[in-house]
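# Sequence and computational prediction follow.
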Amino acid sequence: MSIYVGNLSYEVMQDSLSEVFAEYGTVKRIQLPTDRETGRVRGFAFVEMATEAEEEAAIGALDGAEWMGRDLTVNKAKPREEKGSSGGSWDRRGGSSRR
């Protein structure tokens, strides 16, 4: 499982984010998405820690905490939703299987 960290400063660096979460356990991985066109940090990250207990400790301590001038949003990451279909599925006859 991983942790979603939102409302990050656009100035955040992976090393500084890792230091903050390391206070609550072992940080296994950090994903800090950037904008494809500008290369700028998008204002959120995903953090994976070694154990669920460490994740819970980090979430409890950091959700709503002020860091780099912003109030963080920290919670369990939700699974990524599939893109594409906006409705029912289509069967082989060309009609919708959802009626």
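Nice, thanks for sending it over.
# what's the top helix by length along the chain packed up against?
Counting residues, the longest helix in the chain under DSSP state H turns out to be helix 52-62. For helix 52-62, the elements it packs on are strand 3-6, helix 14-22, strand 44-49, strand 73-76, judged by 3 or more Cβ pairs under 8 Å, 6 or more residues apart in numbering; DSSP states H and E. Where you see a C-beta, it was placed from the backbone N, CA and C, and this is true even at glycine.
# Quick one: closest of those to Gly60.
Within these, the stretch nearest Gly60 is strand 73-76; the backing value is 8.8 Å (Cβ to Cβ).
# Counting neighbours, show which residues of the closest one come out buried.
By neighbour count on 16 or more other Cβ atoms under 10 Å, the buried set for strand 73-76 is Val74.
# residue contacts, the nearest residue to Thr26 once chain neighbours are set aside?
What sits nearest to Thr26 in space, not counting adjacent residues and going by Cβ to Cβ, 6 or more residues apart in numbering, is Ala50, at 3.8 Å. Taking Cβ atoms under 8 Å, 6 or more residues apart in numbering as the contact definition, Ala50 lies against 25-28.
# of all the residues you listed, which comes closest to Asp35?
Relative to Asp35, the closest of the contacts of Ala50 is Val27; by Cβ to Cβ it sits at 23.7 Å.
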